[in-house]
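>>> quick one, structure for this:
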Amino acid sequence: MCARLRAQGHSPVALGSKDCDLTCPDSLERFSTVAYDRIYHLATWTQAGDFCLHHPGEQWIRNQQINTNVLAWWQRCQPQAKLIAMGTSCAYDPAFPLTEENYLCGVPIDSLFAYGMTKRMLYAGLLSLHRQYGLNYLYLIPSTLYGPDYHLDGRQMHFIFDLVRKVLAGKLYGSPVVLWGDGYQCRELVYVEDFVTVMLALADDRDNDILNVGAGEEFPIRHFAQIICDLAGYDFGELEFDASRYVGAKSKCLSTEKLGDLLPGEWRVTSLEEGLGRTVAWFRAHPESFAPTGAGPG
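Now for the predicted structure:
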């Protein structure tokens, strides 16, 4: 996103957890002397896999701190700025259609309850600050994002990166490839560049709204695994599925009708074959991201 902003002539200030701890109330004070046009709030405290099962209390406290501190600084020091925030599809109750008007309906699934509710509270904060202070926001809810040049800091990554890493390690190092679940749970992927395109296309023109950003269709984990195996030259038949492991929601596909109405003809969904091809190629170029402990480049 920052590269695209620079290409448009902007001068983004990019902050990460290593240089700005948003759980601290005064973490953004040193940036208060500059008047910003936009604030992109993409930070959250979570990981993929079964992380949410083991850290619900910490997730609630830390994410509430992060969101409250960012929104309080925005209202107090940057009221002229538009805040573009990232939500999560995990906040939806799967008993309802996954349309924007149902974002606050029902409850998230039990294993994702704390994380999903903190994202709902973020949206509630945006609504409240707009109503009292007239601040402008845009709240975007992506499906699972993927693509090259993702984080390499040791955290559990989204399932799709876990698939890529396991299959490549199986291909190059002979490691067993064990996938969580029976492989029939379904997911929707959005290529990260597509998501950035939507963010930048709507950043100036769409105010005080909530919007799903999805690909419009979901596939079983086995389908993603087959594409990755084909790209890596690994035998799909060698995969093992562990149905005893945590898989989260069985299905999660966002409604994109509103997105299509707002960006007719502009919303391009990168195909899985193209997007995963680029992602696998990136991982191949960074073998340190999937090599088993102690393994060399081999």
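>>> identify the residue spatially nearest to P25, adjacent ones excluded.
Once flanking residues are discounted, P25 sits nearest to N69: 5.4 Å by C-beta to C-beta, 6 or more residues apart in numbering. C-beta: built from backbone N, CA, C; applies to glycine.
>>> sorry, slip of the keys, the one I care about is G170.
V177 (4.1 Å).
>>> just how off-centre is the helix or strand bottoming out on mean pLDDT in the chain within its chain?
The helix or strand of the chain with the lowest confidence, counting by mean pLDDT, DSSP states H and E, is helix 51-54 at a mean of 75. Offset of helix 51-54 from its chain centre (C-alpha atoms, centre = their mean, to the nearest Å): 17 Å.
>>> could you pull out the strands in the chain for me?
Applying DSSP state E to the chain gives strands spanning 38-41, 82-86, 137-142, 144-146, 178-180, 186-187, 189-191, 209-213, 219-220, 240-242.
>>> got a list of contacts for the first one?
If I follow you right, that is strand 38-41. With contact meaning C-beta atoms under 8 Å, 6 or more residues apart in numbering, strand 38-41 is reached by 1, 67, 70, 74, 78, 81-86, 122, 199, 203.
>>> include pLDDT, distance to S251 and neighbour count when you put those residues into TSV, please.
Listed next are the contacts of strand 38-41 as TSV, based on pLDDT from 0 to 100; distance: C-beta to C-beta, whole Å; neighbours: other C-beta atoms under 10 Å:
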residue	pLDDT	distance to S251	neighbour count
M1	91	29	17
N67	98	28	23
V70	98	32	20
W74	98	35	24
Q78	98	39	20
A81	98	37	16
K82	98	34	20
L83	98	31	23
I84	98	28	21
A85	98	25	24
M86	96	22	19
L122	98	24	26
M199	94	26	22
A203	92	31	16
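>>> reformat the residues you listed as a markdown table; add distance to W45.
A markdown table is the format used below for these (distance: C-beta to C-beta, whole Å):
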| residue | distance to W45 |
| --- | --- |
| M1 | 20 |
| N67 | 10 |
| V70 | 13 |
| W74 | 19 |
| Q78 | 22 |
| A81 | 23 |
| K82 | 24 |
| L83 | 19 |
| I84 | 19 |
| A85 | 15 |
| M86 | 13 |
| L122 | 12 |
| M199 | 21 |
| A203 | 25 |
